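Enquirer: No letters, just coordinates:
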């Protein structure tokens, strides 16, 4: 007996896949006469249509992964922030001196390299260095 269309109706009615719907063989005649979704619901209540449970794992179990050294995100440290603030301050000062004509281009380039290498602790230290260079 071909009940493929009835199985499709049951699939739409219960919202499950083809393999989960099972028709009881002794009740094929009743199932064959079912036309509407309500008929399908009634047959399920009576036990003519059985909906099988889902096979396999029902809950997703995630693997716990260790955080490797390459995946650690660190915040930018205080030391770097201090470096950036000092560097910007010193570069600005050197540019002012260069634009005023107090130092040459070569000296400003040399100073910028030294600023980058953290030779100077502060703006005052840079001024002291310049006083020693000019003498």
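Expert: Good, I have the coordinates. Note that this is a predicted model, so its numbers are computed, not measured.

Enquirer: Please name every helix or strand in contact with the helix or strand hosting residue 107.
Expert: Assigned by DSSP states H and E, residue 107 belongs to helix 105-116. Judged by 3 or more Cβ pairs under 8 Å, 6 or more residues apart in numbering; DSSP states H and E, the packing partners of helix 105-116 are helix 78-100, helix 123-134. C-beta: built from backbone N, CA, C; applies to glycine.

Enquirer: Give me the contacts around the last one.
Expert: Taking contacts as Cβ atoms under 8 Å, 6 or more residues apart in numbering, the residues outside helix 123-134 that touch it are 89, 90, 93, 94, 97, 103, 107, 111, 115, 119, 120.

Enquirer: Please repeat the previous calculation with a cut-off of 6 Å.
Expert: 89, 90, 93, 120 (Cβ atoms under 6 Å, 6 or more residues apart in numbering).

Enquirer: Now do the residue nearest to the second one when sequence neighbours are not counted, the pLDDT please.
Expert: Taking Cβ to Cβ, 6 or more residues apart in numbering as the measure, residue 90 lies nearest to residue 115, with 4.7 Å between them; neighbours along the chain are not counted. Model confidence at residue 115, given as pLDDT, is 95.
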